[in-house]
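[1] coords please:
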Amino acid sequence: MIVLVCGLLLTLLVTPALIWAAHNFGLLDHPNERKHHQGAIPLVGGLAMFFAIAVSASWFLADSDIFWGLFASVSIIVVVGFLDDRSSLSVRRRFLAQGIAALIMVLFAGARLTSLGDLFGFGPVALGVMAVPFTVFAVVGMANALNLSDGMDGLAGGLALIATAFVATAAHFTGREVTFIALLILAGALMGFLCFNIRLPWQHRAKVFMGDSGSLMLGFLLAWAVIRVTQTERNGLPPAAALWFFAIPLWDTVSLMLRRMIEGKSPFHPGRDHLHHILSRAGYTDSQVVNFILLAAVAFGLVGLVGWRWDVPDAVLLYGFLALFALYFAGVRHAWKLMRLIKFLYRHN
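    Got it, this is the predicted structure:
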């Protein structure tokens, strides 16, 4: 527990100093046509969490053989996110740097996807020579999925904390001590960040945003951790069960990319068509939207965890995940028609 407290306290201590620095050096997020928050908000939450995680890990994990590889790869991700927050890097440069960081993680931080489990009911799916490129793809995808969910106060941080709790539980059950300690540090840092980011009775709006440096780092670390707990010989977490821990960010990211491609747009085209935007335009307050999505994330995470502990076949977990994604995709694709119908019925009752 002292590990978690260390991450929490360090984040609480360093965040006010970084908020002051952000106002003095112009690292602020201003409202625009896509961002409707009030006022200029410091983009230093990710830097605060990185500081807390790095210091805590150097104290508790420095003797681990994966420490320097993980530190180097995460540092690259944070630097890239920071530069993107400052000057909006091109998509090509962002993905190139993320791919290099993921490759370092695969080679030097003990996280490589070699098997996807018994996905189809015919035996384990081994990746063989595709293990490294597939792992790099998966890590970059996970990092960006969480990055794209960062759209309301407390949303990305809350989703990351929920996923951290589920992956940490799996790390405990599978005996991954180093991964478990790293996740406790991450949980503490997230709790400290959320103290400044969520809306509370005495805090009506976020005082700090995590920025791309934070959201990419969180997705990157969670990808590393979940690979570690799925690729273990001791009752490893099936990758199909792990998907449920990240259901909301994955479904939202994949569905909006598919919708944009169907509309003839780039899948990386910015817009306000995420799940939280849809629910907000349906008339729900930001707090209601965030609470609903976080509760859904807990429910889906429990499906994965309980399914694993009850030995539900991997294929059942995978097909169930894909079936719900299909329903989700159909729902968000026709969300505007559904909202118009609801508003019409409401006005005529």
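
[2] setting aside sequence neighbours, what's the nearest residue to the residue nearest to the spatial centre of the chain?
    Compute the mean C-alpha point of the chain, and by CA atoms, centre = their mean the closest residue is L146, 3.2 Å away. Spatial nearest neighbour of L146, excluding adjacent residues (CB to CB, 6 or more residues apart in numbering): G219 at 3.4 Å. Yep, even glycine has a C-beta here, placed from its N, CA and C like the rest.

[3] doesn't the one you found fall inside a helix?
    Yes. Assignment of G219 by DSSP: H, G, I helix; E, B strand; the rest coil places it within a helix.

[4] just the helices in the protein please.
    2-25, 45-60, 67-87, 91-108, 131-148, 155-174, 177-197, 211-230, 239-245, 247-262, 275-281, 286-309, 314-333, 335-347 (DSSP state H).

[5] among the ones you listed, which is the most enclosed?
    Looking across those with neighbours counted as mean count of other CB atoms under 10 Å, the highest average goes to helix 211-230: a mean of 28.

[6] returning to what we had before: export the helices of the chain to CSV and append columns for mean pLDDT and distance to G117.
    Supplementary listing: the helices of the chain in CSV, determined by pLDDT from 0 to 100; distance: least, CB to CB, whole Å:
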stretch, mean pLDDT, distance to G117
helix 2-25, 93, 30
helix 45-60, 95, 29
helix 67-87, 93, 24
helix 91-108, 94, 19
helix 131-148, 93, 13
helix 155-174, 95, 13
helix 177-197, 96, 18
helix 211-230, 95, 7
helix 239-245, 96, 5
helix 247-262, 88, 17
helix 275-281, 79, 27
helix 286-309, 94, 10
helix 314-333, 92, 4
helix 335-347, 59, 33
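
[7] and those helices: which comes nearest G123?
    When the helices of the chain are compared by CB to CB, helix 314-333 sits nearest G123, at 10.4 Å.

[8] re earlier: out of the helices of the chain, nearest to H204?
    helix 286-309 (10.2 Å).

[9] now the angle from the closest one to helix 314-333?
    160 degrees (axes from the mean of the first three to the mean of the last three CA atoms, to 10 degrees).

[10] for helix 286-309, packing partners?
    Under the contact criterion of 3 or more CB pairs under 8 Å, 6 or more residues apart in numbering; DSSP states H and E, helix 286-309 touches helix 155-174, helix 239-245, helix 247-262, helix 275-281, helix 314-333.

[11] please redo it, this time with the cut-off set to 6 Å
    helix 155-174, helix 239-245, helix 247-262, helix 275-281 (3 or more CB pairs under 6 Å, 6 or more residues apart in numbering; DSSP states H and E).

[12] convert that helix to CSV, retaining C-alpha atoms only.
    C-alpha atoms of helix 286-309 as CSV (Å, rounded to 0.1, in the frame of the first residue of the first chain):
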residue,chain,number,x,y,z
ASP,A,286,-21.0,16.2,-18.4
SER,A,287,-21.1,14.6,-14.9
GLN,A,288,-24.0,12.2,-16.0
VAL,A,289,-22.1,11.2,-19.1
VAL,A,290,-18.8,10.5,-17.2
ASN,A,291,-20.6,8.6,-14.5
PHE,A,292,-22.5,6.5,-17.0
ILE,A,293,-19.4,5.6,-19.0
LEU,A,294,-17.4,4.8,-15.9
LEU,A,295,-20.1,2.5,-14.5
ALA,A,296,-20.3,0.8,-17.9
ALA,A,297,-16.5,0.3,-17.9
VAL,A,298,-16.7,-1.3,-14.4
ALA,A,299,-19.5,-3.7,-15.6
PHE,A,300,-17.6,-4.7,-18.7
GLY,A,301,-14.4,-5.2,-16.8
LEU,A,302,-16.2,-7.5,-14.4
VAL,A,303,-17.3,-9.6,-17.4
GLY,A,304,-13.7,-10.2,-18.3
LEU,A,305,-12.5,-10.8,-14.7
VAL,A,306,-15.4,-13.1,-13.7
GLY,A,307,-15.2,-14.9,-17.1
TRP,A,308,-11.5,-15.6,-16.5
ARG,A,309,-12.0,-16.8,-12.9
